[in-house]
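Colleague: This is a predicted model, with the sequence first.
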Number of protein chains: 2
Amino acid sequence: MENLNIYNPVKIHFGGGLIGEAGKIAKKYSDTALIVTGKNSMQKSGTLGKLVKILKDAGVAPIIFDGITPNPTINEIDSAAGIAKEKKAGLIIGLGGGSPLDSAKAVAVAAKGNIPVWSYLKTPAEEALPVITIVSTSGTGSEVNRYSVMTNPETGEKPGFGYECMYPKEAIIDPEIMLSMPPYVTAATGFDVFVHAFEAFTGKAKNAFSSAYCMQVFYLLKDNLVKAYDEPDNIEARGNMALASALAGLAIDISGVGIIHAMEHPVSGNYPNVAHGAGLAALTIESMKYNLESCKRDFMLIAHHFGIKRAGKSEDEYAAALIEKIQGILAALNLNIGLKDLGVEKSKLAKIAGEAFTTMGFAVQNNPAEAGEKEVLKLLEASY
Amino acid sequence: MENLNIYNPVKIHFGGGLIGEAGKIAKKYSDTALIVTGKNSMQKSGTLGKLVKILKDAGVAPIIFDGITPNPTINEIDSAAGIAKEKKAGLIIGLGGGSPLDSAKAVAVAAKGNIPVWSYLKTPAEEALPVITIVSTSGTGSEVNRYSVMTNPETGEKPGFGYECMYPKEAIIDPEIMLSMPPYVTAATGFDVFVHAFEAFTGKAKNAFSSAYCMQVFYLLKDNLVKAYDEPDNIEARGNMALASALAGLAIDISGVGIIHAMEHPVSGNYPNVAHGAGLAALTIESMKYNLESCKRDFMLIAHHFGIKRAGKSEDEYAAALIEKIQGILAALNLNIGLKDLGVEKSKLAKIAGEAFTTMGFAVQNNPAEAGEKEVLKLLEASY
């Protein structure tokens, strides 16, 4: 019986059109809010303009920082934090997918301190500006947890970090915003939800709380992951994927991720054009094969939640059937890819293997099967 | 797609011996703590004495209010609140089962205001003293949610209430404390866990979050409810029941309870010697029969989580098999009882039926099948 500590103070608001509440919610925290977002999608879909109006109508002055790239760098975060300080923003609003949401939390920490954000990997942060997340993808999970991932462009390192003060105060999950997600983003972020739940459910730090979330995630993914991709206007499927994203985000907040995330971070850290979910897609099947023997029962349970029939299958066959199922899902999402397809150079694999340990060591530790640098390199080669 | 609001800021600490951390945790909030507990079990088991020493060692002065009865009255709560004010306690520690924990939250509210606690049924509370819960049973669920139930001894009314400021700051769930639970308490509080999860899972306000908790609860109950009763020293079973209690407490915090709780509150409100879980036991089977048609699919899912085999059963038979299973569990717990066995007078049933609506109307509303006062009276008669 292991000791557990469970805590997640985020106020989650889920519902169509709930972005309309953003002004009222923001006003509770400050009269001046820094919106942290990217350069494209929130402008194109009109969501940024809408949010600006909603904030102004509620008496909250918005400042826009739209310099967040798909794999946000520490320079971007430090710049945004500088603006937050200069303009005396009392609230950070993350708007978009995982990158702006992660960045919003890092900006909130850096804006309270006097050191570069990279230093917080070693210096625990005690306080941060309040953060509201408004998520546009399903899903990063970042909308409901304390984690932030940032890239050091000089080294390609892409570590994750998270302190208690970094929990968003409130998360607005509005599936109507997600209707504008392009198919590739729907696929890649949707697959990220699976990997979150898979790694939290099979990891060494799994427990009754995170497993509860994960089992619900698997149920939701079974009927909605491919459907949200095939039917982008299906608001029900979008809503269920948004819920799955949040639940998986809560699960990793408790039980962390594993080797797939440990390998993916240095992949997209070194290749900033690679979408996180696409990197995961390339790495998942070989990692599942590697882990199968260490957590066969978990595989069987997940297979069950994905609706795979047991009839006539041995335990080995049933567990293995999950891998086939996931291969089928990847194919249906047009994500049946290798690292090569993502532009990763074979010569970089050794560097990536090393960085899985230096920047994501806790995730390797949490993986059900033991893995050293040699095994990780082999997995990267097999996933090429 | 309905709107959801999910929020639970309680820091949950689970683990054997964790009561040892109570001093360190309490010290974060105040130098003076009012311990709210009952007259017997925490003294007999030595837990109260242990807690007093732990607090003193950490520099927290303990004040003991041990006047909480099994169905706590508003007089008890107002007295404790008066002591908290007089002694300037900055923290309320609830120690024991559902009654002292519920009371601790009500005391925390009343100690901040200037009106009797009964007035808070109509006057929303905006602030409360911080509360730490140390739970001795599995389970009330009260350790992790905002709810408090109190009895008006003049009228027999026993309403529940709960505001955001009433969430415990931290919950210490130490299964070693639970080893001292007498068999009847293990049975009654353990069955309460089932009813919490059953009513949250089948109620109209069910959603993906509460259902995730409930499904995990059913899994845990399947292997541990009767085992914790049969093997009181089995710390693994105690631990799993403690987890189930907390998960079910989170579920009702989100999705509320139903008609079984709505009827039970006036039962034990009018008969303060009736243990809440025993009252629930008397009312559950007839209520399940009443609700079956309204949520047959939920019954089937619960049956599945309880490990009931589907093979050869029609949907109706499979759903009904759950009721048989619960009857079997009640028998194994020696709780196969009717209201008559609990000393309830038949002449009081009409009053009880009325109070189910006046004090627990929100729970009747949440019930899957519609029920008016006439139907509730019939259910009470059938459960006699």
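Modeller: Received it, and whenever you're ready, just let me know what you need. Residues are numbered from 1 along each chain as shown, chains lettered A, B, ... in the order given.

Colleague: quick one: which helix or strand includes A:Gly67?
Modeller: Assigning secondary structure by DSSP states H and E places A:Gly67 in strand A:61-68.

Colleague: cool, and A:Lys53?
Modeller: According to DSSP H and E, A:Lys53 maps onto helix A:47-57.

Colleague: ok so, going back, avg pLDDT for the strand holding A:Gly67?
Modeller: Averaging pLDDT along strand A:61-68 yields 98.

Colleague: Contacts only, for A:Gly17.
Modeller: Contact partners of A:Gly17, counting by Cβ atoms under 8 Å, 6 or more residues apart in numbering or on different chains, are A:Asp174, A:Glu176. Heads up, the C-betas are built off the backbone N, CA and C, glycines and all.

Colleague: whoops, A:Arg310 was the one
Modeller: Going by Cβ under 8 Å, 6+ apart, A:Arg310 touches A:Ala303, A:His304, A:Tyr318.

Colleague: Chain neighbours aside, what residue packs nearest to the second one?
Modeller: Nearest-residue entry for A:His304: A:Arg310, 7.2 Å, with adjacent residues in sequence omitted and distances by Cβ to Cβ, 6 or more residues apart in numbering or on different chains.

Colleague: now do A:Lys88
Modeller: A:Thr32 (6.2 Å).

Colleague: That neighbour pairs with what?
Modeller: A:Thr32 has these beta-bridge partners by DSSP bridges: A:Ala61.

Colleague: does it really touch A:Ala84, like I thought?
Modeller: No: with contact defined as Cβ atoms under 8 Å, A:Thr32 does not count as touching A:Ala84 (9.1 Å).

Colleague: Look at those two and report which has more neighbours.
Modeller: The residue with more neighbours, out of A:Thr32 and A:Ala84, is A:Ala84; 25 against 17, by other Cβ atoms under 10 Å in any protein chain shown.

Colleague: Could I get the pLDDT score of the more buried one?
Modeller: For A:Ala84, pLDDT reads 98.

Colleague: try A:Glu2
Modeller: 87.

Colleague: repeat for the one 10 residues further on
Modeller: At A:Ile12, the pLDDT value in this model is 98.

Colleague: Tell me how far it lies from chain B.
Modeller: Plainly put, A:Ile12 is 4 Å away from chain B if you go by Cβ to the nearest Cβ, to the nearest Å.

Colleague: Phi, psi for that residue please.
Modeller: Main-chain torsions, A:Ile12, degrees, to the nearest 10: phi -100, psi 130.

Colleague: Which elements pack onto whichever helix or strand comes after the strand holding A:Gly67?
Modeller: Beyond strand A:61-68 on the C-terminal side, the first helix or strand identified by DSSP H and E is helix A:74-86. Counting contacts by 3 or more Cβ pairs under 8 Å, 6 or more residues apart in numbering or on different chains; DSSP states H and E, helix A:74-86 is packed against strand A:32-38, strand A:61-68, helix A:98-110.

Colleague: starting at the chain centroid, how far to the helix or strand just after helix A:74-86?
Modeller: For helix A:74-86, the succeeding helix or strand toward the C-terminus, using DSSP H and E, is strand A:91-96. Centroid displacement of strand A:91-96 relative to its chain, using Cα atoms, centre = their mean, to the nearest Å, is 16 Å.

Colleague: Okay, now the sheet partners of strand A:91-96, with direction.
Modeller: strand A:32-38 (parallel), strand A:131-135 (parallel).

Colleague: re the thing from before, mind listing the shared neighbours of A:Thr32 and A:Ala84?
Modeller: Here A:Thr32 and A:Ala84 have A:Ile63 as joint contacts, going by Cβ under 8 Å, 6+ apart.

Colleague: Between strand A:32-38 and the strand holding A:Gly67, find me the angle.
Modeller: 20 degrees (axes from the mean of the first three to the mean of the last three Cα atoms, to 10 degrees).

Colleague: in strand A:61-68, what counts as buried?
Modeller: Of the residues in strand A:61-68, those buried by neighbour count under the rule 16 or more other Cβ atoms under 10 Å in any protein chain shown are A:Pro62, A:Ile63, A:Ile64, A:Phe65, A:Asp66, A:Gly67, A:Ile68.
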